[in-house]
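Q: sequence plus the predicted model coming up.
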Amino acid sequence: MLQKAEVPLLWACLQAVLVVALGFTDMDPGPGVGVSTQPNGDRFKIEGRAIVPGIKTQDWVSAARVLVEGEEYVGFLRTDGSFAVNDVPSGSYVVEIISPNYRFEPVRVDITSKGKMRARLVNYIKTSEVIRQPYPLQIRATGPHSYFMKRETWGWTDFLMNPMVMMMVLPLLIIVLLPKVVNTNDPEMRKEMEQSMNMLNPNPELPDVSELMTKLFSGSKGSSKAGSSSKGTRPAAKRR
Amino acid sequence: MAKLILLCLDLIIFCITVNAVFEDQIGKFDWRQQYVGKVRFSHFDSHAQSSKKVLLATENNVFAALNTRTGELFWRHVDKTGPDGSIDALLHHAQDAVQVVGNGRLLRSWEINVGGLNWEIVLDSGSFQAACLVGQQDITKHVAILKKSVISLHYLSNGHQKWIENLPESETVDYQAIYSGGNGEVYALGVVPHSHIAVVAYSLEDGEIIKQISVEAPWLSNIQASCVVIGQGMLMCVDSPTVSLYMLDLHVQSQMTQIPLQSLGLEIASGFRPILVSTQPNPARQPLSEFFLQLGPEHYLLLQLNNGQIVTLRDFKPAILVAFATSGEKTVAAVMSPKNKTACSLNLFSAETGRRLLDTTLTFNMAPNGGKPEKLYVQAYLKKDDSVGYRVMVQTEDHTLTFIQQPGRVMWIREEALSDVVTMEMVDLPLTGTQAELEGEFGKKADGLMSMVLKRLSSQLILLQAWITHLWKLFYDARKPRSQVKNEVTIENLSRDEFNLQKMMVMVTASGKLFGIDSKTGSILWRHYLDNIPSNAAFKLMVQRTTAHFPHPPQCTLLIKDKDTGLATLHVFNPIFGKTSQVTSPALPQPILQSLMLPLMDQDYAKVLLLVDDQYKVSAFPSTKNVLQQLQEMASSIFFYLVDSSQGRLSGYRLRTDLSTELIWEVVIPTEIQKIVSVKGKRPNEHVHSQGRVMGDRSVLYKYLNPNLLAVVTESTDMHQERSFVGILLIDGVTGRVIHEAVQRRAKGPVHVVHSENWVVYEYWSTKSRRNEFSVIELYEGMELYNSTVFSSLDRPHAPQVLQQSYIFPSSISTMEATLTEKGITSRHLLIGLPSGGILSMPKMFLDPRRPEIVSEQSREENLIPYAPELPIRTEWFINYNQTVSRVRGIYTAPSGLESTCLVVAYGLDIYQTRVYPSKQFDVLKDDYDYMLISSVLLALFFATMISKRLAEVKLLNRAWR
């Protein structure tokens, strides 16, 4: 039989048991023992309070319940959010507050055969690990349940802000708009540009993409004068 | 090639891990109905004139407040099941409702407006007898609780005990009733059967015994059943053997006065035990001196105690039910009397005079195939002109609550029988008439070419006509405003939809009422009450003929078995209309051990049901010649198994041709050590699409798909937490061969099992670590398939490979089921009902014994999730979001016409219906499919091409000119 859940935890459990034995000596080793040895033993009460921050208690208490160890013991919430689960024998129990709309963390409550109580965090893997919680229980809702998935909505902003689209659109804008903004007919400006182009272009053998584009676009704009002039001067610049 | 296809399929399936509901899907295809159960106590909230609440305490340990206008729940509190949570008494005073719970263990007070608890206290042990509110000088401040040996008084405001006193001579006297008339005294009434009545009066202030009377009453055995207190503290009892009323003044020690009924001119119906009904409208005042005396099943009398004399105010015959109701200072009596076979009439009478009040007649129509009225709850109110108006809530035998307003308008109906669904089936809806016509053509015998052609043409014409009328209707409806177009589902216009998503849910309830519910809307289409059901009946519902065999009507068979005697009856009905079928069901004189549906069909396409009786003789239903002949041919391949859990015996039988049986195998599980808890086979309508799983190295691991495999779960009889264990045994149901055996040490039940395909998943409680654990067993044939065409239990020489893995589950569970789809291509999910009311849809890939501890290249390629000891519970996996299902007892899954979609019904106290898509909707366009985007992009592209074409033309022209 493969019981993988157990194997890696064995050592941790052993250690934890030792720790527990040292730290909490008046506790039964296995709280269930208390039940089986004295079936008519005393009954105890688990008390606490549940809080949903920012919500009036009357709006949620009627739909909430306190479940102790599944549905073995059931408690109800008072109108102020406090609760008491009566008639619980000694043992170790997971106490949960169940509400269809708000999420509460479960708490483990240990009751000794003498009626001593303590609360600790639930840890199903290291079952004997003790991280103390306040008792009487103070259980605060950690927020509403998130039952739903978000729909993937499609908006223009999402599309435009996509990095791929940005990478495509921005250079395009520069290529189209730059020749318009900068007057390419001004000879001084042209010279300056050519110089900067050459500095940018490390390999003069490669055809310059931006150059090609400018050629293409300025060519299509009918003003063949500018196009032809650039055609004329470019090779000269390259040859230099 | 096969491997490749397998791989592709697996890839499709494994891509999907997330599965949740979208917020805009709320209520689109899911619905929930909340129930409370059979009503035990009911009070109308009358302290405010406009109040719309009725408080209900039920036999299912539920306490709820309903809206009297709509029948919906304001709030509901579900206590634990069993005697620990049973509601013994419900008292109502102003804003508070006081409850005694768990045989007098707890006393609770509820705030009825909010639905929250005011206080809860633990009472001393002792079995509960009676409780009443105690008032003084028109103010009610206390509640008195009478137990076997003590009486205690508690404050209503905080539950604190004011005093507790031992009852004198409680060993001999059986104290049964408690009474307070608002004069500062509390009376405990006890009886020594057939000897005397003991009356003890306590002071309200300090619990001191003021008086103690003992009165001879040799005829009396039970106070609660035969006595009431009326007027100024007069104990009125009725005794049938002496045919007399007995009267006792509680304030003075005296003899009981006997009033023979004959002196009043009355007679008791033979064999009937007369009953008294009184009313005490205000606990701080005396009860009224008027009371009802029931002398026969349909005979009531309104009597009045006037100066020690009993006066008959009115004789009601026939009358089925009576009830008192009070509004303000006026008390009225409502009387229900039969009108005709299907209706009853209600009338209101003044309690003081017995005079009939004008214009108070109300008609209650009894549903056909329903139960008789059982209880009457009356809400009286004062109208503006100071006359009394009323509404009634009628409870019938089938646990139905009907709320009626004058003059007979039904405000709402609640079918509380549905709080206790035992079993259910989903049946496909029939085709529409025209479709069926077309289908029917193929079923008929051929009679010549010409006539066939003509028939085909005519049916095609009919189809065309239907299509045109449909189009016309669409066009006509489109012109009307939307609100006028109603799409109400009635039994007449039921028809199957395109993808078979809408089905008929046939539900069987413990009370013996059957329901047919439309799965799309949740509306009840038919109901049928079977009134001769034993209280401890076990039910098994089987679909013998589906709707696919037009013109034969569909047929369901319900096997009702008395658990004590084993005697069974069959109820055969049409699942679409709920009508009892004309087919005569066989008489079953012997106790039935086992029933099985065979895939065989008779000439009318009804599947054959075999019933095995305690003599191991088999009878078939239907048992026509055709069937018997088929059975004889098939007998050698029909096997069945029997489980006797009391003796721990599993035995396999084979059918002989003469319909007797022979034992072929037997497995005995020693009952001293362990007991059989459950035996699970596979579902017969389950399909498995892929024969194996593709490994990371492209080899195929073939599944062990034995359709005859049984999973037997055992629990140890030793419940000590060190020695208890849970065992699982996989047995071939034909040969009795034990395929695998596993034991979970230091574990105990309840064990929940799901058995499907080649895997078994079970859940148990680990006593060692105090947590719930899941374990999964998967069976594989290995890298080669022994016989790939057909599986035979008799010819499988190799034992399968068994893989097992266990996980921690961070919650206890209530029930578990696996999803089911049409072809079994879609990946499987486990549907887990949790005590919190959520239904978790957990992908099966989380419960895969091949989850590796160390991730390798191959396991990644196989899409195996690395092993983690704890299974996650994500709230996104709750298929019912905040629509919790209380006390979920069963989950039913059914395939739909779409491979991706599985229909789910969870039932318990509530009923919830939804659809799940374990691999998302791969065969349907998504709900949020953006038609706008697609069409706008297409349009934009179209225009862009047009413009660029034009531009290119211009450019070419320019170039040519150059």
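A: Received the coordinates, thanks. Numbering: from 1, shown residues only, chains lettered A, B, ... in the order given.

Q: does chain A have contacts with whichever strand in chain B runs longest?
A: Longest strand of chain B, by residue count under DSSP state E: strand B:771-782. Yes - on the criterion C-beta under 8 Å from any C-beta of the partner chain, strand B:771-782 is in touch with chain A at B:771, B:773, B:775. All C-beta atoms are positioned from the backbone trio N, CA, C, and that covers glycine.

Q: for chain A, state which of those residues is nearest.
A: B:Arg771 (4.7 Å; C-beta to the nearest C-beta).

Q: B:Gly833 contacts B:Val905, doesn't it?
A: No - contact criterion C-beta atoms under 8 Å: B:Gly833 and B:Val905 do not qualify, at 11.5 Å.

Q: comparing the two, which shows the higher neighbour count?
A: A direct count of neighbours by other C-beta atoms under 10 Å in any protein chain shown for B:Gly833 and B:Val905 places B:Gly833 higher, at 26 against 22.

Q: for A:Met167, grab phi and psi.
A: Dihedral pair for A:Met167: phi -60, psi -30, per degrees, to the nearest 10.

Q: excluding chain neighbours, what is closest to the closest residue to chain A within the stretch 201-350 of chain B?
A: Distances between the stretch 201-350 of chain B and chain A by C-beta to the nearest C-beta are smallest at B:Pro283, namely 23.5 Å. Nearest non-adjacent residue to B:Pro283, counting by C-beta to C-beta, 6 or more residues apart in numbering or on different chains: B:Leu133, 3.7 Å away.

Q: is it correct that that neighbour is in contact with B:Ala94?
A: No - in this structure, B:Leu133 is not within contact of B:Ala94 by C-beta under 8 Å, at 10.4 Å.

Q: the more surrounded of these two?
A: B:Leu133 (21 against 12).

Q: which residues touch that one?
A: Neighbouring residues of B:Leu133 by C-beta atoms under 8 Å, 6 or more residues apart in numbering or on different chains: B:91, B:93, B:98, B:140, B:142-144, B:156, B:180, B:283.

Q: so for it, what's the pLDDT?
A: As predicted, B:Leu133 sits at a pLDDT of 89.

Q: cool, and B:Ile268?
A: At B:Ile268, pLDDT is 78.

Q: OK, now which residue of the stretch 51-200 of chain B is nearest to chain A?
A: Counting by C-beta to the nearest C-beta, the stretch 51-200 of chain B gets nearest chain A through B:Gly115, at 3.0 Å.

Q: residue 82: how many residues sit nearby?
A: Just going to use chain A. Residues within reach of A:Ser82, counting by other C-beta under 10 Å, total 17.

Q: can you look at chain B instead?
A: Neighbour number of B:Gly82 under other C-beta under 10 Å is 9.

Q: what's the answer for B:Gly184, then?
A: Counted with other C-beta under 10 Å, B:Gly184 comes out at 16.

Q: do the one 4 residues further on as well
A: Look at B:Ala188: counted by other C-beta under 10 Å, it has 27 neighbours.

Q: where exactly do the helices run in the chain?
A: Assuming you mean chain A. A:10-23, A:31-37, A:57-60, A:156-161, A:163-181, A:187-200, A:209-220, A:224-239 (DSSP state H).

Q: switch to chain B, please.
A: So, for chain B - with DSSP H - the helices run B:2-14, B:223-226, B:433-443, B:449-479, B:625-634, B:857-861, B:931-961.

Q: return the distance of the second one from the chain's centre.
A: Right, the one you point to is helix B:223-226. Relative to its chain's centre, helix B:223-226 lies at 34 Å (C-alpha atoms, centre = their mean, to the nearest Å).

Q: next one: the last one
A: With C-alpha atoms, centre = their mean as the basis, helix B:931-961 stands 64 Å off its chain's centre.

Q: does any bit of that helix sit next to chain A?
A: Yes - using C-beta under 8 Å from any C-beta, helix B:931-961 reaches chain A at B:933, B:955, B:958.

Q: distance-wise, check B:Arg69 relative to B:Val668.
A: 61 Å (C-beta to C-beta, to the nearest Å).

Q: again with B:Thr432
A: 55 Å.

Q: more neighbours: the two, which one.
A: B:Thr432 (14 against 11).

Q: in terms of pLDDT, where does the more buried one sit?
A: 71.

Q: list the contacts of it.
A: B:495-496.

Q: partners of the longest strand of chain B, with directions?
A: In the sheet, strand B:771-782 lines up against strand B:700-703 (antiparallel), strand B:759-766 (antiparallel), strand B:801-809 (antiparallel) (DSSP bridges).

Q: and that strand, C-alpha only, in CSV?
A: C-alpha atoms of strand B:771-782 as CSV (Å, rounded to 0.1, in the frame of the first residue of the first chain):
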residue,chain,number,x,y,z
ARG,B,771,-8.3,14.2,9.3
ASN,B,772,-10.2,13.1,6.2
GLU,B,773,-8.2,11.3,3.6
PHE,B,774,-8.8,10.3,0.0
SER,B,775,-7.3,7.3,-1.5
VAL,B,776,-7.4,6.4,-5.2
ILE,B,777,-6.8,3.0,-6.7
GLU,B,778,-6.2,2.7,-10.5
LEU,B,779,-6.0,-0.6,-12.3
TYR,B,780,-4.0,-1.1,-15.5
GLU,B,781,-3.6,-4.0,-17.8
GLY,B,782,0.0,-3.1,-18.6
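
Q: quick one: neighbours of the closest residue to B:Lys748 other than its chain neighbours, just the number.
A: In this structure, B:Lys748 finds its nearest non-sequential neighbour in B:Ser724, 4.6 Å apart by C-beta to C-beta, 6+ apart. Using other C-beta under 10 Å, the number of residues around B:Ser724 comes to 22.

Q: B:Tyr476 now?
A: 10.

Q: quick one: contacts for B:Ser859?
A: Contacts of B:Ser859 by C-beta under 8 Å, 6+ apart are B:696, B:850, B:852, B:866.

Q: just checking, the last one touches B:Ser856?
A: No - taking C-beta under 8 Å as the definition, B:Pro866 is not a contact partner of B:Ser856, at 10.0 Å.

Q: tally of neighbours for whatever residue of the stretch 551-700 of chain B ends up closest to chain A?
A: Residue of the stretch 551-700 of chain B nearest chain A, by C-beta to the nearest C-beta: B:Gln674 (16.4 Å). B:Gln674 sits with 21 neighbouring residues when counted by other C-beta under 10 Å.
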